[in-house]
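Asks: kindly generate the corresponding structure for this input.
(chains A and B)
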There are 2 protein chains.
Amino acid sequence: MKKSISLLSALILSSSLSAASLVEEAKSFNLLPLPQNQAEVDLVLKENGLEASKFSVEKADLGKKLYFEPRLSKSGIISCNTCHNLGLGGTDGVSAAVGHKWASNPHHLNSPTVYNSVLNTTQFWDGRAKTLADQAKGPIEAEPEMATPAKLAVEKISSLPEYVSEFKKIYGRSGVNFDNIADAIANFERTLITPSRYDKFLRGDEKALTKEEQAGLKLFIDKGCVSCHNGINLGGSMQAFEVASQYKFANLGDFKGDENGLVKTPTLRNIAQTAPYFHNGAIWSLQEAIKEMGSVQLGIAISNKEAKSIEKFLHALSGEKPQISYPQLPASTDKTPKPQL
Amino acid sequence: MKKSISLLSALILSSSLSAASLVEEAKSFNLLPLPQNQAEVDLVLKENGLEASKFSVEKADLGKKLYFEPRLSKSGIISCNTCHNLGLGGTDGVSAAVGHKWASNPHHLNSPTVYNSVLNTTQFWDGRAKTLADQAKGPIEAEPEMATPAKLAVEKISSLPEYVSEFKKIYGRSGVNFDNIADAIANFERTLITPSRYDKFLRGDEKALTKEEQAGLKLFIDKGCVSCHNGINLGGSMQAFEVASQYKFANLGDFKGDENGLVKTPTLRNIAQTAPYFHNGAIWSLQEAIKEMGSVQLGIAISNKEAKSIEKFLHALSGEKPQISYPQLPASTDKTPKPQL
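Replies: Predicted coordinates for the structure are as follows:
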């Protein structure tokens, strides 16, 4: 009996040691837990060299309304939430986004998740926007997305007295303008952070991840996935694509990355909820995506068993979503530009 | 001083009397306050001769998810909430609904509000569904709306284990089927009731409506609007249309009512938030709608001043919306049928 107890103690000790050393190893690869409040988000933005307006709850509340505001689209029926659905992991669940008049995304690009997006070092698949406020303007104006020129967006929002007074209160004299609309949306998006068991693990709760998930994390590091999928978001920065071989669905869409061929690495947070995968949303199975990444980026064959193990870890990245009370939007007025279908 | 006080008392008395008698008059025209709980909703359904499954909070919670569930559409991007947006008075703010592949409603029909719809005596503009559960099936299956055959809808929901276990828990053996999907949605919709100052007034709070709003209500009754817009919903039952003259936008769309030419009178609750008006959404101004109704239905000319007065009353019908926590939906699985765009 004594022997078996000390054996158990030894096992617990070794398991505890290995969990602790796994955390150390993870941190050495820059795998870091989520910020826990908006002051910490500020620190992350600073580290990423990004500028953002001072966060306020009032801005985030206004931004929430605008995020769900279909009148920001030309048709009046598409909102940010249409393609970045907060109930579906912050995405739309289709390969390529659908926009105004049912337009397909012209580059066949998949909508990235909005959750934790404030922690990316760059926005859009080609990284052309640095901040969320810059990003937010893109889809509103893009003809195959919400199709609303900035001027029309401002005209629409300015026609709704409740918005006008809220903007005035928050932004003072500048009131409703396109920059402020984007800024309010970005402030709301800053709050869309999804802490997971993985974060608890990184903060020292060794039981937060199961042994299987820990093994998956270890494999994730050992195989080299961590070389691109690192940082707080396990992704979110620009990286070379097709390093080892051609992506098997490379011919779907014409996206070739930024001017240097770099592509924004998607965050792996909530990845189990955001199929389909890759920039053109051509792969629906997470295991298949893991294997394809091994071959395309790392030049290695990841076995089914290994892919399953890594997948187990990735599932632990599904985080708790902030509770969102669905906003009541102001009623249109005689001055509100009519929807253009 | 004494004299002026007794004059004031007399005024108060007369004002109070007139408010009380206005309430009596309103009730005599079957203008009634909203039910205050689900047991009272049951009584209304019974009075309207409608059958519904026993209400439960669990059904309503499941129904809320399904109401916001875009995977109930063939494309995966249209939910009940797309056309009956709970942030926009329960409608979409466009003349005629837009659905799958950007289809216009073939009859150019305007989406009616979902708020308080359980209190209508009939559903759809032609009244072809009696209950909300019957109604809910229509848009899911209709090709120009969500375009999902019942079989596919069931296949999609059945592919998501969280739904399967919830349906089993609530509906027992029958589990996920099209009837139960519609029933859950209907149970959620039963909770979308919006008490307003008007309801307080009808319940005896004489100050709940301003004198101007009371005058508007009196005019609403005296002009005869109340002959169709009565009952708890100030509408919601089948009535003859174009009684006195032709509707000025009669040629937009081919809708002619049910087989007897009857049309469902829209509820006036939240009407100030649900422009555009009429079955084909051709009139954007509430005042214009009031005047047109006078001419089409009552054969009278309602002056601008009168229309303004009635409009003031109608604004008091904007009710408090239940707070909806935006639902988290289950992640798709390998078995989930892919979106068909």
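
Asks: tell me the domain ranges of chain A?
Replies: Following automatic domain parsing, one finds the domains of chain A at A:26-34+A:195-315, A:38-189.

Asks: and these as a markdown table, adding mean pLDDT and distance to B:Asn120?
Replies: For the C-beta atoms, the positions are set from N, CA and C on the backbone; glycine is no exception. As requested, the domains of chain A are exported to a markdown table (pLDDT from 0 to 100; distance: least, Cβ to Cβ, whole Å):
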| stretch | mean pLDDT | distance to B:Asn120 |
| --- | --- | --- |
| domain A:26-34+A:195-315 | 98 | 37 |
| domain A:38-189 | 98 | 24 |
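
Asks: deepest in the core, which of those is it.
Replies: domain A:38-189 (a mean of 20; mean count of other Cβ atoms under 10 Å in any protein chain shown).

Asks: got the end-to-end distance for that domain?
Replies: Distance across domain A:38-189, first residue to last, is 11 Å (Cα to Cα, to the nearest Å).

Asks: next, A:Leu32: phi, psi?
Replies: phi -130, psi 150 (degrees, to the nearest 10).

Asks: just the one 3 residues further on next, same as before
Replies: Note on A:Pro35: backbone dihedrals following degrees, to the nearest 10 are phi -60, psi 150.

Asks: list the contacts for it?
Replies: Listed by Cβ atoms under 8 Å, 6 or more residues apart in numbering or on different chains, the contact set of A:Pro35 reads A:41, A:43-44, A:119, A:193, A:232.

Asks: of all pairs in those residues, which one is the farthest apart?
Replies: A:Leu43 and A:Ile193 (13.5 Å; Cβ to Cβ).

Asks: still on that earlier bit, turn the contacts of A:Pro35 into a markdown table, including distance to B:Leu298.
Replies: A markdown table is the format used below for these (distance: Cβ to Cβ, whole Å):
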| residue | distance to B:Leu298 |
| --- | --- |
| A:Val41 | 60 |
| A:Leu43 | 66 |
| A:Val44 | 64 |
| A:Leu119 | 61 |
| A:Ile193 | 57 |
| A:Ile232 | 65 |
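
Asks: among the residues you listed, which one sits closest to B:Ile77?
Replies: Looking across the contacts of A:Pro35 and measuring by Cβ to Cβ, the closest to B:Ile77 is A:Ile193, at 25.1 Å.

Asks: before we move on, what SS does the closest one have?
Replies: coil (DSSP: H, G, I helix; E, B strand; the rest coil).

Asks: next one: A:Val263
Replies: Relying on three-state DSSP, one would call A:Val263 strand.

Asks: wait, it sits on A:Gly236?
Replies: No - using Cβ atoms under 8 Å, A:Val263 is not in contact with A:Gly236; the gap is 11.7 Å.

Asks: what's near enough to touch the residue of the stretch 1-150 of chain A found nearest chain B?
Replies: Of all residues in the stretch 1-150 of chain A, A:Trp102 sits closest to chain B, at 3.9 Å by Cβ to the nearest Cβ. For A:Trp102, the contact set (Cβ under 8 Å, 6+ apart) comprises B:101-102, B:341.

Asks: just put those residues in a markdown table and tack on distance to B:Gly90.
Replies: Output for these, formatted as a markdown table (distance: Cβ to Cβ, whole Å):
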| residue | distance to B:Gly90 |
| --- | --- |
| B:Lys101 | 24 |
| B:Trp102 | 22 |
| B:Leu341 | 27 |
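
Asks: just send these back as JSON lines, with secondary structure too.
Replies: Formatted as JSON lines, those follow (three-state DSSP):
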{"residue": "B:Lys101", "secondary structure": "helix"}
{"residue": "B:Trp102", "secondary structure": "helix"}
{"residue": "B:Leu341", "secondary structure": "coil"}
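
Asks: using TSV, lay out the domains of chain A together with distance to B:Phe278.
Replies: Output for those, formatted as TSV (distance: least, Cβ to Cβ, whole Å):
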stretch	distance to B:Phe278
domain A:26-34+A:195-315	41
domain A:38-189	18
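
Asks: quick one: closest of those to A:Ala331.
Replies: Here domain A:38-189 is closest among the domains of chain A (Cβ to Cβ), at 7.8 Å.

Asks: strands of the stretch 151-300 of chain A, residue ranges please.
Replies: In the stretch 151-300 of chain A, strands defined by DSSP state E, counting those that start in this stretch lie at A:238-240, A:262-264, listed in chain order.
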